[in-house]
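**Student:** Got a predicted structure plus its sequence, pasted below:
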Amino acid sequence: MDALKSLVQPFLGNVAGNSAVDAMKLVVLGGTVETARRVSSSAWYVSSSFVNSFFLTALFSEEDYPYEWLMLWLSRRPEWQRSREFETTTNSTSAGNFGYRESDNSFVDELLPEADEDNVSGKTRMRVVFQPTSETTHTIFYRGHWLRVRRGRKSNGYEMLSISVVARNNSVLKQLVLQAKKEYEAEAVHRIQIYFADSYGSWRYTDSRHKRPMSSIVLNPGVKEMLVSDTKDFLKSEKWYADRGIPFRRGYLLYGVPGSGKSSLIHAIAGELMLDIYVVSLSSSWINDSTLTTLMGRVPSRCIVLLEDLDAAFTRSVSRAKDSKDKKKTDNKSDGEEETSTPTHGRSRRAQKSKEQLSDVNTLTLSGLLNALDGVAAAEGRILFATTNHLEQLDPALCRPGRMDVWIEFKNASKWQAEALFRNFFPSAEAEMPLDDTDLEPLEIPSPPSPASSQLSSLSSDAFFGLSSASTPSLSGLSSPPTASRPSSRRSESISSRSGAGAKNEAYLPPAVEEHVAACAHSAPPLSAARLALLAKEFADSIPDEEFSVAALQGYLLKNKSRPETAASGAAGWVISERELRAKLKKEREVKDKEAEKEVSSRFNDLSCWLT
Ligand SMILES: Nc1ncnc2c1ncn2[C@@H]1O[C@H](COP(=O)(O)OP(=O)(O)OP(=O)(O)O)[C@@H](O)[C@H]1O
């Protein structure tokens with residue numbers, strides 16, 4: 001206390017002294033402190049701007065691809081992982097959590113098993129990612145340079161990454177972006193990325209999916225081959241198009257019945273060509289001419305653009321001449337109606353109102369769509385796929401060559417497709433690679449079958465006939481119904497240990513598996529080629545040509561996933577029951593339509609009575 005007094009004393013002087021002098025001293029003291037503060041802050045500002053003038057800074061917005069490349073690259077840097085302030089996210093679309101990658105800064109609940117063939121849990125393992133909080137600066141050493149990295153947010157809500165480096169030119173930043181891109185692409189090689197359009201006119205990374213093998217798509221011979229070679233040829237022909245002044249774009253229209261494989265084929269082609277898919281749903285409420293034009297201008301030069309359900313976009317405006325005028329007319333008319341309508345028409349008024357709201361929001365016009373597809377702003381090099389179930393509802397202008405160059409019709413499944421689908425569904429032992437001991441595991445039946453269970457014994461015998469040429473001599477013993485002399489069966493062990501009963505019993509045989517339980521087995525043992533051919537034919541014989549979609553057949557086969565015999569023999573019965581179901585639904589729909597018609601006509605009568 002005394003020390004403090006002695007420090008202040010010279011400034012205050014004698015307490016009993018002149019108070020004006022004391023006040024002067026205080027003013028001088030305050031002024032000195034403020035001047036010192038200002039000098040130091042401007043010195044700090046000058047020195048930091050001097051230091052900053054040596055930094056090159058690059059900004060990467062979440063709306064653009066380099067942001068994702070760099071976030072993936074950063075998520076692998078130890079400096080990034082060492083950050084002491086974290087945000088956590090489980091959002092699979094957020095940067096650093098691409099759904100297909102694992103890194104040190106992410107973790108899953110180890111207690112939940114990974115879903116695989118033998119180990120399926122109802123709960124999925126959710127990956128939690130740690131990422132450094134935004135607005136903190138991280139220093140990362142890269143190729144002899146110190147990078148200052150900072151995550152931030154733009155005024156439009158998108159994240160932004162700022163990377164600064166002290167360097168003479170920006171070559172280190174270029175190298176960094178290229179390396180990040182390379183690493184990103186190496187990760188993505190077995191997957192395709194799917195982007196969806198958002199209402200801001202940007203593409204949002206949404207999902208990454210395993211490539212779908214072309215062989216899993218069952219189409220009449222030649223269609224897949226034609227599409228793959230046509231798209232490949234297009235991608236190679238940029239110069240050819242440029243030399244002839246033709247816009248370097250190609251469009252494919254896939255039309256036909258639902259569930260016939262249109263989307264699946266596009267998915268498989270994207271995998272084959274290693275292209276990402278950019279999906280726009282034209283029936284989105286927010287879509288309008290300018291957003292669509294912006295979106296089409298923002299697709300990369302090599303990609304697949306997918307316009308899904310093309311017909312759905314124009315349920316309100318089918319023809320080019322009428323579309324925008326009609327919308328205005330509808331608006332005016334509905335305004336008027338709103339005023340004159342009576343309370344008795346509340347429901348129709350609500351319906352009218354929601355219709356108005358819809359047309360207010362989605363203002364996409366056909367001319368806007370055409371412009372977006374091939375206007376000056378449209379990107380070159382893209383492959384456009386459009387799908388529709390109602391070709392007849394499309395304006396011819398939309399489908400003319402240049403916009404949709406190749407048309408492919410998708411029909412219900414032919415007998416040929418039914419047979420191919422069956423063959424795809426159930427494995428053939430001959431098609432498998434040579435087996436070793438460990439490969440035999442999934443081929444064992446789930447548990448000892450009862451001699452009475454004819455279905456199970458036939459399954460097992462097929463499986464073991466198929467295997468007889470395979471490897472171990474011990475297998476020959478397996479074609480007879482297994483007994484307690486096989487307690488070492490790994491599959492049986494795992495099943496009994498899961499059920500928790502008799503896991504270590506050696507003295508007593510386990511009871512036979514009941515037929516309905518065995519029927520729920522997860523997968524079918526491989527069939528011999530001859531047996532498979534027989535069953536596939538039996539199945540295809542029962543399926544009428546072009547009456548059911550491939551998706552419907554797939555649904556039926558899925559119900560019999562582990563029972564190829566039942567799938568084949570039960571197909572005829574399934575066809576009958578499906579027909580009955582359809583007839584019943586049709587009847588119900590007709591009754592409903594009639595009722596609706598009656599209601600409309602009675603309302604019309606009410607209204608005309610009221611008016612007269
Ligand atoms: N030709 C086919 N080959 C293989 N699988 C098919 C085929 N057609 C349909 N499927 C299966 O049926 C399901 C639906 O197929 P998909 O979505 O590709 O049909 P779609 O024609 O695009 O239907 P929609 O017109 O209703 O969008 C998928 O699970 C797919 O695996």
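**Tutor:** Noted; the coordinates are in hand.
**Student:** helix, strand or coil for residue 251?
**Tutor:** What DSSP: H, G, I helix; E, B strand; the rest coil gives for residue 251 is strand.
**Student:** tell me what the host helix or strand of residue 24 is packed against?
**Tutor:** Element membership of residue 24, judged by DSSP states H and E, is helix 19-52. With contacts taken as 3 or more C-beta pairs under 8 Å, 6 or more residues apart in numbering; DSSP states H and E, helix 19-52 sits against helix 2-12. Where C-beta positions appear, they are placed from N, C-alpha and C, glycine not excepted.
**Student:** So for the helix it packs on, mean pLDDT?
**Tutor:** Mean per-residue pLDDT for helix 2-12: 58.
**Student:** what do you get for stretch 217-232?
**Tutor:** Looking at stretch 217-232 alone, the average pLDDT works out to 92.
**Student:** contacting residues around it?
**Tutor:** By C-beta atoms under 8 Å, 6 or more residues apart in numbering, the residues outside stretch 217-232 that reach it are 214, 250, 252, 261, 264-265, 268-269, 272-273, 383, 406, 408, 410, 413-414, 416-417, 420-421, 424, 550.
**Student:** and residue 359, what pLDDT?
**Tutor:** Model confidence at residue 359, given as pLDDT, is 45.
**Student:** For the helix or strand hosting residue 233, buried residues please.
**Tutor:** If you go by DSSP H and E, residue 233 is part of helix 223-236. If you call a residue buried by 16 or more other C-beta atoms under 10 Å, then helix 223-236 has these buried ones: 224, 227, 228, 230, 231, 234.
**Student:** buried sites along the helix or strand following that helix?
**Tutor:** Using DSSP H and E, the helix or strand that follows helix 223-236 towards the C-terminus is helix 238-244. By neighbour count, with 16+ other C-beta under 10 Å as the criterion, the buried positions of helix 238-244 are residue 241.
**Student:** Contacts for helix 238-244, please.
**Tutor:** Contacts with helix 238-244, where a contact means C-beta under 8 Å, 6+ apart, come from 247, 248, 381.
**Student:** In CSV, list the residues you listed along with neighbour count, secondary structure and distance to residue 282.
**Tutor:** What follows is the contacts of helix 238-244, written out as CSV (neighbours: other C-beta atoms under 10 Å; DSSP: H, G, I helix; E, B strand; the rest coil; distance: C-beta to C-beta, whole Å):
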residue, neighbour count, secondary structure, distance to residue 282
247, 13, coil, 21
248, 17, coil, 23
381, 17, coil, 22
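**Student:** for those residues, which one is nearest the ligand?
**Tutor:** residue 381 (24.6 Å; C-beta to the nearest ligand atom).
**Student:** The closest one and residue 236: what is the separation?
**Tutor:** From residue 381 across to residue 236, the span is 11 Å (C-beta to C-beta, to the nearest Å).
**Student:** same deal with residue 202?
**Tutor:** For residue 202, the distance to residue 236 under the criterion C-beta to C-beta works out to 30 Å.
**Student:** My understanding was that residue 398 contacts residue 407; is that so?
**Tutor:** No. With contacts defined as C-beta atoms under 8 Å, residue 398 does not count as touching residue 407, sitting 11.7 Å away.
**Student:** For the residue of the chain found nearest the ligand, give me its contacts.
**Tutor:** Taking C-beta to the nearest ligand atom as the measure, the chain has residue 261 as its residue closest to the ligand, at 2.8 Å. Residues touching residue 261, when contacts are defined by C-beta under 8 Å, 6+ apart, comprise 217, 218, 219, 410, 550, 551.
**Student:** swap the cut-off to 10 Å and go again
**Tutor:** 216-219, 223-224, 254, 267-268, 410, 413, 417, 549-551, 554 (C-beta atoms under 10 Å, 6 or more residues apart in numbering).
**Student:** what does residue 215 give?
**Tutor:** Shown in contact with residue 215 (C-beta under 10 Å, 6+ apart): 224, 268, 420, 424.
**Student:** Number of residues surrounding the third one?
**Tutor:** A count of neighbours around residue 420, defined by other C-beta atoms under 10 Å, yields 21.
**Student:** Longest helix of this structure, counting residues only.
**Tutor:** Ordering each helix of the chain by length in residues (DSSP state H) puts helix 571-611 first.
**Student:** helices and strands around that one, which ones?
**Tutor:** Packing partners of helix 571-611 (3 or more C-beta pairs under 10 Å, 6 or more residues apart in numbering; DSSP states H and E): helix 346-361, helix 529-542, helix 550-559.
**Student:** between residue 398 and residue 407, who's got more neighbours?
**Tutor:** Higher neighbour count among residue 398 and residue 407: residue 398, with 22 against 13, using other C-beta under 10 Å.
**Student:** Report the buried residues of the host helix or strand of that one.
**Tutor:** Taking DSSP H and E as the definition, one finds residue 398 inside helix 396-399. If you call a residue buried by 16+ other C-beta under 10 Å, then helix 396-399 has these buried ones: 398, 399.
**Student:** hey, what's residue 147 bridged with?
**Tutor:** residue 140, residue 165 (DSSP bridges).
**Student:** Tell me which other helices or strands the host helix or strand of residue 368 touches.
**Tutor:** Residue 368 belongs to helix 366-374 when elements are defined using DSSP H and E. Helix 366-374 sits against helix 289-297, strand 304-308, helix 323-340, strand 383-388, helix 396-399, with contacts defined as 3+ C-beta pairs under 10 Å, 6+ apart.
**Student:** so it versus strand 304-308, what angle?
**Tutor:** 160 degrees (axes from the mean of the first three to the mean of the last three C-alpha atoms, to 10 degrees).
**Student:** dump the residue contacts of the residue lying closest to residue 268 once chain neighbours are set aside.
**Tutor:** The spatial neighbour of residue 268 that comes closest, neighbours along the chain excluded (C-beta to C-beta, 6 or more residues apart in numbering), is residue 212 at 4.4 Å. Listed by C-beta under 10 Å, 6+ apart, the contact set of residue 212 reads 192, 264, 265, 266, 267, 268, 269, 270, 271, 272.
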